[in-house]
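A.B. asks: Pasting the sequence and the predicted model now:
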Amino acid sequence: MPFVLLAFAIAFEVTATLAMRGSDGFTRLGPSVLVVAGYLISFVFMAKALTSLNVGPVYAIWSALGTIGAFAGGVLLFDEPVRPLTIAGAVIIVVGVVVMNLGGGVSHG
């Protein structure tokens, strides 16, 4: 169950980040409200997940998958460029998360 909560936290974080791009510098009300609500909901889900998971690896998963999700969303929704160096960076992020999880695990106890 904590990983389901973490997945929801990631989904809301990515949604909020993409809405921030769509808010046009917080000049558009709808996307701006979505930014605030999305981050708030994301933090609530992450806090719930952290009641049974370790903070370091969980934050690494949350931020890494959020980064990759925002990258993919930017490409799909806003026609942002995909460059080989950008893809290499995404791979490095994933490798870093895997290494963190191998080093410490995610469950309490």
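C.D. replies: Received the coordinates, thanks.
A.B. asks: Every contact and neighbour count from this point should use C-alpha atoms.
C.D. replies: OK.
A.B. asks: At which residues are the strands of this protein located?
C.D. replies: With strands called from DSSP state E, the chain shows none.
A.B. asks: Give me the helices and strands touching the helix or strand of it with the lowest mean pLDDT, please.
C.D. replies: Across the helices and strands of the chain, mean confidence by mean pLDDT, DSSP states H and E is lowest for helix 84-104: a mean of 87. On a contact count with 3 or more CA pairs under 8 Å, 6 or more residues apart in numbering; DSSP states H and E, helix 84-104 meets helix 55-78.
A.B. asks: Name the nearest residue to Gly69, sequence neighbours excluded.
C.D. replies: Val14 (5.9 Å; CA to CA, 6 or more residues apart in numbering).
A.B. asks: Neighbours of that neighbour, how many?
C.D. replies: 27 (other CA atoms under 10 Å).
A.B. asks: That one contacts Ala70, correct?
C.D. replies: Yes. Assessed by CA atoms under 8 Å, Val14 is found in contact with Ala70 at 5.5 Å.
A.B. asks: on that earlier part again, who's in contact with the residue nearest to Gly69?
C.D. replies: Gly66, Thr67, Gly69, Ala70 (CA atoms under 8 Å, 6 or more residues apart in numbering).
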